[in-house]
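Engineer: Predicted model, plus sequence, below.
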Amino acid sequence: MVVPLSEGSYTVDITKKFIPFDPSIDSIKERPGSLLVDIVPFLIKTTDELIVIDPGLGLEHSVGSFTIHENINRAGYSYGDVTLVLLSHLHKDHAGGICYPYHDSFRLMFPEAKYFCQKKEMEHAITMANSPSIQIEKLEFIRNTTNLEYMNGNGILKPGIFYEISGGHTQFHQVFTIVVDRQSYFFGGDVLPQPKQLQMRYIAKYDYDGTASAAKRIEYGKRAAETNGICLFFHSSQMPGAKIKMDQDDRFLLENAALSEDLIQNL
Ligand SMILES: [Zn+2]
C-alpha cells in the first residue's frame, strides 16, 4: 500500500519561504519569481514496516494537530505505527516534519520510528545554520535522539528497501527503491520531484549540481521504464505516482499510477 500524504500547494522564491497557494483564489502571476510546488510525503506499508518517506513541512493546521498525522489516520493507521522514516535530504520542505516544537524543545513526529539519513548529508546540513533551506534546531534535536540512524553510501536497509546516493540536488542527496507486493516504487526526492522533469529535459538552478541532477533523473526514468516501476513524485499532487514508458525517440511517456488511496486534499 502506497498513500500520498499531501500537505497542500505552496509557492517558494529565493527567500525559501513556503507560502500557501490556493489555485481557486491565488494566481502565480501575482507571485513573480516563485515556483509552484505541492508537498507530498508518502506512506508505504510493507509486510514488516510502515514507512514515511520525507515527512514534509510538518504543517500544523490547528494547534497541536498535524496534517501528516491526520492523513495517516485517514489511511487507517496512527503516527505511532510508523516504524521507519526515510530522508532523501534535509531541506525543510522534506525534513521539517521530523519533529515539531514543544515547549522549549521539540518532539518527534513519529516517536516509535527509526529515522534514516545519509551521515554526510547531516554533517553538511548542520554546517548550514544560516541557510533559509535548513531548520537547524530540528536537525540538532534529532541528532541527539537514539531514533536517528545513519546510512553511509548505497545499500539495503531491509529486504526490499534500497537506498543510493544520487547527489545532484544536494551533495549527498539519496533516492529509494521500495518493493511492495512485487511492485517496485522509486522515490527520487528532489532529483526527480515532478513528472515534468522527465517530460521536459532541463537543468534546474535550485540544484547543487544541476547537470548531475538532470543526468541522474534520466537514468532513473529509464530504470523505472525497464523494470515496470512506479515513480513517486514528492512535489506533484496532480500525479504523485506514475508508470514510465519510453517511445522510439527515447522520450518518456508517463501514465498516472493508481496508488492505494487518493488522499490529496485541498487545505
Ligand atoms: Zn531540496
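Structural biologist: Received it, and whenever you're ready, just let me know what you need. Residues are numbered from 1 along each chain as shown.
Engineer: How about residue 101: which residues does it bridge to?
Structural biologist: residue 106 (DSSP bridges).
Engineer: Can you give me the distance of it to residue 13?
Structural biologist: 25 Å (CB to CB, to the nearest Å). (C-beta placed from N, C-alpha, C; glycine too.)
Engineer: Likewise for residue 258?
Structural biologist: 34 Å.
Engineer: residue of the protein with the smallest distance to the ion?
Structural biologist: When scored by CB to the ion, the chain has residue 91 as its residue closest to the ion, at 3.4 Å.
Engineer: Can you tell me the closest non-neighbouring residue to that residue?
Structural biologist: For residue 91, ignoring the flanking residues on the chain, the nearest one in space by CB to CB, 6 or more residues apart in numbering is residue 133 at 4.7 Å.
Engineer: The one you found: neighbour count?
Structural biologist: With neighbours defined by other CB atoms under 10 Å, the count for residue 133 comes to 17.
Engineer: so how far is residue 17 from it?
Structural biologist: Residue 133 is 11 Å from residue 17, by CB to CB.
Engineer: now swap in residue 100 and tell me
Structural biologist: Counting by CB to CB, the gap from residue 100 to residue 17 is 18 Å.
Engineer: Which one's more surrounded, these two?
Structural biologist: The neighbour count for residue 100 versus residue 17, taken as other CB under 10 Å, is higher for residue 100 (18 against 11).
Engineer: Would you mind listing the residues in contact with that one?
Structural biologist: 58, 60, 66, 106, 107, 109 (CB atoms under 8 Å, 6 or more residues apart in numbering).
Engineer: try 6 Å this time
Structural biologist: By CB atoms under 6 Å, 6 or more residues apart in numbering, the contact set of residue 100 is 58, 107.
Engineer: from memory residue 190 sits against residue 167, does it?
Structural biologist: No - with contact defined as CB atoms under 6 Å, residue 190 does not count as touching residue 167 (11.3 Å).
Engineer: Which residue of those two possesses the greater neighbour count?
Structural biologist: Neighbours were counted for residue 190 and for residue 167 using other CB under 10 Å; residue 190 has more, 27 against 16.
Engineer: excluding its backbone neighbours, what's nearest the more buried one?
Structural biologist: Nearest one to residue 190, counting by CB to CB, 6+ apart, is residue 169 at 4.1 Å.
Engineer: Roughly how far does the one you found sit from residue 220?
Structural biologist: According to CB to CB, residue 169 stands 12 Å off from residue 220.
Engineer: Look up phi and psi at residue 162.
Structural biologist: Recorded main-chain torsions at residue 162 are phi -110, psi 140, according to degrees, to the nearest 10.
Engineer: Please apply the same query to residue 160.
Structural biologist: phi 90, psi 0.
Engineer: show me the contacts for it.
Structural biologist: Residue 160 makes contact with residue 179, according to CB under 6 Å, 6+ apart.
Engineer: what's the distance between it and residue 94?
Structural biologist: From residue 160 to residue 94 the distance is 22 Å (CB to CB).
Engineer: where along the stretch 1-150 of the chain do the strands fall?
Structural biologist: Taking DSSP state E, counting those that start in this stretch, the strands of the stretch 1-150 of the chain run over residues 2-4, 9-12, 18-20, 35-38, 42-45, 50-53, 60-62, 65-66, 84-86, 99-102, 105-108, 114-118, 148-151.
Engineer: any idea of the mean pLDDT for the first one?
Structural biologist: To tie it back to what came earlier, the one meant is strand 2-4. Averaged over strand 2-4, pLDDT sits at 95.
Engineer: can you list contacts of that strand?
Structural biologist: Residues from elsewhere that reach strand 2-4 (CB under 6 Å, 6+ apart): 40, 42, 43, 44, 75, 185, 240, 259, 260, 261, 263.
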